[in-house]
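Student: Quick one, structure for this:
(5 chains, ligands or ions: 5)
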Amino acid sequence: MKLWPTMVRQAGVEWRISLRRFGEVMNPLVFFLATVSLFPLGLSPEPDRMAGYATGVLWVATLLAFLFAQARQFRAEAYNGVLEQLALSPHPLALLVVAKLVVQWVILTLPLLILAPVAAYALNFPVQGLSTLLAALTLATPTMLALGSVGAALTVHAHQGGALLTVLVMPMLVPVLVFGARATDLASAGSAPGGALLWLAMLAVLSVSLGPFVIAAALRQSLA
Amino acid sequence: MKLWPTMVRQAGVEWRISLRRFGEVMNPLVFFLATVSLFPLGLSPEPDRMAGYATGVLWVATLLAFLFAQARQFRAEAYNGVLEQLALSPHPLALLVVAKLVVQWVILTLPLLILAPVAAYALNFPVQGLSTLLAALTLATPTMLALGSVGAALTVHAHQGGALLTVLVMPMLVPVLVFGARATDLASAGSAPGGALLWLAMLAVLSVSLGPFVIAAALRQSLA
Amino acid sequence: MAKAKKLNWFMRWFYQMASFPHFYRWAGRYAPWLGAVALLLIGWGTWGGLVSSPPDYQMGDGVRIMFVHVPSAWLSMMAYTLMAVAAGIGLIWRIKLAYAVAASCAPIGAAFTFLTLASGSLWGKPMWGTWWEWDARMTSELLLLFLFLGYMGLRNSFTERDQADRVSGMLAVVGVVNVPIIHFSVEWWNTLHQPASVTRLDQPAIDPSMLVPLLVMTLGFTCFFAWALLTRTQGEILLRARQARWVDEL
Amino acid sequence: MLAYLRIEPKTRYNLGAYRLYRDHMSRIASHTLSATALELWRGDRCLFTELNLTVSTGELLQVTGANGSGKTSLLRVLTGLLPPEAGHVRWNDEPIHRARAAFHESMGYVAHRDAHYDDLTLRQNLMWGIGLHHDIESRDVDSTLEALDWCELADVPAHALSAGQRRRLSLARLRASGKSLWILDEPLTNLDAGARVWCEDIIEVHLEQGGSVIATSHQPLCVRAPSRREWAIST
Amino acid sequence: MLAYLRIEPKTRYNLGAYRLYRDHMSRIASHTLSATALELWRGDRCLFTELNLTVSTGELLQVTGANGSGKTSLLRVLTGLLPPEAGHVRWNDEPIHRARAAFHESMGYVAHRDAHYDDLTLRQNLMWGIGLHHDIESRDVDSTLEALDWCELADVPAHALSAGQRRRLSLARLRASGKSLWILDEPLTNLDAGARVWCEDIIEVHLEQGGSVIATSHQPLCVRAPSRREWAIST
Ligand code: HEM
Ligand SMILES: Nc1ncnc2c1ncn2[C@@H]1O[C@H](COP(=O)(O)OP(=O)(O)OP(=O)(O)O)[C@@H](O)[C@H]1O
Ligand SMILES: Nc1ncnc2c1ncn2[C@@H]1O[C@H](COP(=O)(O)OP(=O)(O)OP(=O)(O)O)[C@@H](O)[C@H]1O
Ligand SMILES: [Mg+2]
Ligand SMILES: [Mg+2]
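Tutor: Residues are numbered from 1 along each chain as shown, chains lettered A, B, ... in the order given. Ligands and ions are numbered 1, 2, ... in the order given. I've put the predicted structure just below:
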């Protein structure tokens, strides 16, 4: 009945499920790559023009990939009754949620951090901004993940009213995007991104510490 | 046992469900708006810079909104057994699929066509290109819908893991994007978009006439 | 059997080939020969391409990448087409062997596609000064890779093999539209990429000293493809044959 | 014409329900479902091979077997949802994949899982389920609702119904769609005593009218049938 | 110590399964679940009001009532999933929302729907379900699998299992998680004759060991219990 082993076990389960649904896991990544590559296709891919929107494309693609991955993330569990059993385990539901989120973060973010430089190269993003881009992504993704899950938890049941995932989550995500893009833009222009990164870090700490409790509470509500 | 009333009835059912799940239905639109508005946020919103990517942003946002809407569109039906009953009705499954698609098209596209001018204005898109943009969107959306549904039908089963939708559908949607963006770009520069629009119309006719059969066949296979 | 007699010779051959044991033995007989011929031809082509042919007057020694790039590009497209045709045959005539062939095509085709992309971008660096460009042909070839990967991923997500065969077969058939897009992309969109110089209806715009090794290489790659395909198909057949008596007799 | 009146209604559920019968079911044409040499595999396991069976007018075939013996899989093969590895299913001597529309027009299937749109109300679900098979008017649905004493549940969304109510909704839908062959997978699941009698009742009436039924049930199915057989799937 | 050995295994399912009992269940501490003045509404309907009940060590309480009378809703209130309109549920005299962890540590719930991860295999599901409640090793799971004669099913993904196999998996999980109070909603659904006896058996053993059970069942539940009561929900 120790908390740590339970969390590790639950994380193991989530991990195994993710591997089983490999396609589902790769989906957001492909979504990211696709978003990134659609822009040059939709526009004329002239290097000069491209550099102008590279930062925007990278950040929007990341954000959309997260939203896409999380839109219905608790649906399957709610449908087949697994969520009920999780809520009935003696452990805090928030803990089990953390296990899920950690696995998701690893599965989503690590490949994203590897893909981002490639995408940045393809978009003519200046090399000097790359390390900041990666740092900013690392700091921003936990917030995106936590907020996206809050939205998903609030809309587990399709019939539970007109809760709009995107409407709920998007406004909260705007600061993340703004700070992330500003940090990246500054760095790619050669200046120091300091402040913006700090803000991102603060948001990450906040959402990671509070997020799981909000998510757990929302999930419990949805079961009633 | 006439086909037309059956289709109308099924469309009525789909319509009622969409109204019930209003939140879910609005999601893609919000997704569209979010994509469009995040760009100027993520970047510094200088009018010159913006006009350079307006076309691309509008088209990519539309495409992503459709993908988002369709990613799991047959999931609920497959899960609760409704799909099985649809497949066992004496009517051609393709017909019932058409009913669903028509409702979806109305629900997704009409609001999109209303939102598009607003988004275009916000992105500094030249007014002279607007009518072509709307025409191109009207012609492109049936293809997006049909192809997206093919992907969704192929990946319908939750337990079949991969919602590989994006991977499957993206390659086929690229021509739509390219022709759409080219028509829009030409029109916003003041020249005639003729050829590209014709291509879009041809793709639409093709996918609307063949799509339902492919979708129906894919759904039947995934029930097996 | 009585039914088979009424068919013409082609359909008879078709149905005979479609039987698992027959095809398995047939493949076992010819695959090694194909492998050997592939080795020979690729060896000859490599010597011809790397040693005996002159450097290009524009591209210099970089041109030698062509002897890998072009054959593998052609084969990647051919692999996809074959996969789609096989899947279509499976769907229409419900022939299991066709599914086995389609399933075996995918990984080989994906490998050739990857090779095309890799050799192309290696070649692009000296020629165009960039590893990657969003040009129509490169992008559509990248999409071909996605299609192969998607096909394999889709197959993987089923527990019943028959169902995997049918569903992924439909994907293969629908995705075939991408192949002409790849081929004609250079004409439809003006791109960086080389327009057709070998596969032209009139005179090939390429010198015979380069053309010959290129054709030999292509033939060698094709034999290699056939060898790999037959070998993989044998494996797929065993997976599908489920405790049939002829398997025990092997 | 009088055949169905001979059967005494065992419960109140039956009282008002005859009208629909008269509308769609009073004379069910004679028919035969036959399966020859069926074979089916799941994973690496052969569930059945060389399976032959026939069901025709007025017959009840009960498929029995332990959990996991393949009853559900067999029923799905018979409905045409699951293609068998080998063998054929024929409806009136026509392979079902060739005469799909005709077969599905006369066959109704109730699976383990109740197939309802969660977001639609009970009445809307009933309308949909019947309308899939033949043109109906809402009057017909009203009478079915009345017969089941469900007037006050009519506007409850399906996801809020109790397990037994959902099951009854599936069966009521099947009954009202006027099919000749019913294929039932554990029809009595979650039904209370009254509903169970109702279910057995409608099966009896259906058989009397010349319909046929293939069913699995781990609970005893108390039905007086003109011709009743059991079919055990061996593991 | 010897209490559970007195019960003769009725079926082969029982043969190897005692070890888990010895590990977790040989002495179940005495306990009481009591509900006072419960009231619950769904939509505009009052399902029950002023409902009081108590269950303690060794007792079997069977909740009866027609379909839709509110049995499932009552059970969900008792588990703490559904907050009642009025009234309290107490576990050992402590309101359950105050002592949630302690309560859920000793209470196990099997709902209408079997809760399994569709993509995980039978074995992984069992590991997960037990591991949620206490630390386990894969040895324990192996013995449970052996006891159920499920060794060859162990690697089949849950979505491919038959309905009865899924039900048995739920029950096996509950049994192996060492709970004092079992809350069972139609435990016999989809079980074949052998599995039904097995299920009744494990309930008997559980009661003998000092556990308690609250169950609904439309099928007769043949269990010899030290103390058995019925509770009818009136509509
Ligand atoms: C990643 C980059 C590249 C990709 C994905 C790519 C892809 C392809 C494909 C798919 C074909 C076959 C087209 C067909 O037969 O329809 C092809 C042919 C060819 N490629 Fe590339 N290529 C790349 C880079 C290059 C470069 C840098 C060069 C040299 C400047 C080059 C020269 C050729 C030539 C000469 C052919 C034969 C054309 C013909 O005769 O049809 N490619 N390439
Ligand atoms: N991939 C697989 N590998 C091994 N066995 C499998 C696989 N997929 C399905 N099965 C088995 O196939 C059988 C399917 O049984 P089916 O659902 O038809 O049983 P049933 O007779 O309806 O049982 P129940 O009475 O429980 O409803 C199950 O035993 C299941 O375990
Ligand atoms: N919004 C609503 N309006 C009216 N009635 C509702 C609403 N939501 C639920 N109900 C009713 O509440 C009851 C819930 O019943 P519950 O699921 O607890 O029944 P049960 O006793 O478990 O039945 P079963 O034996 O069928 O499992 C049902 O009768 C259902 O119709
Ligand atoms: Mg079954
Ligand atoms: Mg209930």
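
Student: What degree of burial does D:Ser69 show, as a neighbour count?
Tutor: Here the number of neighbours of D:Ser69 (other CB atoms under 10 Å in any protein chain shown) works out to 21. Using the backbone N, CA and C atoms, a C-beta is placed for each residue, glycine as well.

Student: Show the contacting residues for residue 108.
Tutor: With no chain named, the answer covers chain A. A:25, A:28-29, A:65-66, A:69, A:141, A:145 (CB atoms under 8 Å, 6 or more residues apart in numbering or on different chains).

Student: switch to chain D, that's the one I care about
Tutor: B:88, D:133, D:174, D:177, D:179, D:181-183.

Student: Quick one: buried ones out of the residues you listed?
Tutor: Using 16 or more other CB atoms under 10 Å in any protein chain shown as the burial test, the contacts of D:Gly108 include B:88, D:133, D:174, D:177, D:179, D:181-183 as buried.

Student: D:His88 is in contact with D:Ala37, isn't it?
Tutor: Yes. Judged on CB atoms under 8 Å, D:His88 makes contact with D:Ala37 at a distance of 7.4 Å.

Student: was I right about D:Gln165 contacting E:Gly70?
Tutor: No. The pair D:Gln165 and E:Gly70 does not pass the contact test of CB under 8 Å, sitting 11.7 Å apart.

Student: quick one: low-confidence ranges for the chain?
Tutor: Went with chain A since none was named. A:1, A:21-27, A:42-52, A:158-168 (pLDDT under 70).

Student: that's the wrong chain, I meant chain C
Tutor: C:1-6, C:56-60, C:187-192, C:195-206, C:243.

Student: mind listing the helices for it?
Tutor: C:2-6, C:9-17, C:20-47, C:66-93, C:96-128, C:136-156, C:161-175, C:178-188, C:208-241, C:245-249 (DSSP state H).

Student: wait, which of those is closest to ligand 3?
Tutor: Nearest to ligand 3, of all the helices of chain C, is helix C:161-175, at 33.3 Å by CB to the nearest ligand atom.

Student: Flag every buried residue along the closest one.
Tutor: Neighbour-count burial for helix C:161-175 [16+ other CB under 10 Å]: C:161-175.

Student: Keep only those of the buried ones among the contacts of D:Gly108 that are in helices.
Tutor: Short answer: the buried ones among the contacts of D:Gly108 in helices (DSSP H) are D:Leu174.

Student: Redo the buried ones among the contacts of D:Gly108 as JSON lines? Include distance to A:Thr35.
Tutor: JSON lines is the format used below for the buried ones among the contacts of D:Gly108 (distance: CB to CB, whole Å):
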{"residue": "B:Leu88", "distance to A:Thr35": "39"}
{"residue": "D:His133", "distance to A:Thr35": "44"}
{"residue": "D:Leu174", "distance to A:Thr35": "47"}
{"residue": "D:Ser177", "distance to A:Thr35": "46"}
{"residue": "D:Lys179", "distance to A:Thr35": "49"}
{"residue": "D:Leu181", "distance to A:Thr35": "51"}
{"residue": "D:Trp182", "distance to A:Thr35": "50"}
{"residue": "D:Ile183", "distance to A:Thr35": "47"}
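
Student: out of the buried ones among the contacts of D:Gly108, who's nearest C:Trp131?
Tutor: Taking CB to CB as the measure, B:Leu88 is the one of the buried ones among the contacts of D:Gly108 closest to C:Trp131, at 53.6 Å.

Student: How about the contacts made by the closest one?
Tutor: Here B:Leu88 is in contact with D:79-81, D:104, D:107-109 (CB under 8 Å, 6+ apart).

Student: re earlier: nearest to ligand 1, of the helices of chain C?
Tutor: Closest to ligand 1 of the helices of chain C, according to CB to the nearest ligand atom: helix C:96-128, at 2.3 Å.

Student: between the closest one and helix C:161-175, what angle do the directions make?
Tutor: Orientation check (axes from the mean of the first three to the mean of the last three CA atoms, to 10 degrees): helix C:96-128 against helix C:161-175 gives 40 degrees.

Student: roughly how far is helix C:96-128 from the heart of the chain?
Tutor: Averaged C-alpha coordinates place helix C:96-128 at 7 Å from its chain's average position (CA atoms, centre = their mean, to the nearest Å).

Student: Whether that helix contacts ligand 1 - can you check?
Tutor: Yes. Using CB under 6 Å from any ligand atom, helix C:96-128 reaches ligand 1 at C:116-117, C:120-121, C:123-124, C:127.

Student: could those be laid out in TSV, adding distance to C:Gly150 and neighbour count?
Tutor: Shown next, in TSV, are the residues of helix C:96-128 next to ligand 1 (distance: CB to CB, whole Å; neighbours: other CB atoms under 10 Å in any protein chain shown):
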residue	distance to C:Gly150	neighbour count
C:Thr116	18	26
C:Leu117	16	20
C:Gly120	21	22
C:Ser121	22	16
C:Trp123	27	20
C:Gly124	25	20
C:Met127	30	17
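
Student: picking that back up, between all of the contacts of D:Gly108, which two are separated the most?
Tutor: Pairwise over those, using CB to CB, the maximum falls at D:His133 and D:Ile183, 14.2 Å.

Student: Skipping adjacent residues, who's closest to the residue most central in space within chain C in space?
Tutor: In chain C, the residue lying closest to the centroid (CA atoms, centre = their mean) is C:Ala79, at 2.4 Å. Nearest residue to C:Ala79 in three dimensions, chain neighbours excluded: C:Gly109, at 3.1 Å (CB to CB, 6 or more residues apart in numbering or on different chains).

Student: And for that neighbour, the neighbour number?
Tutor: Using other CB under 10 Å: C:Gly109 sits among 27 other residues.

Student: got a list of what it touches?
Tutor: Counting by CB under 8 Å, 6+ apart, the residues that C:Gly109 touches are C:75-76, C:79-80, C:83, C:148.

Student: Now flag whichever of these is closest to A:Leu19.
Tutor: C:Phe148 (20.7 Å).
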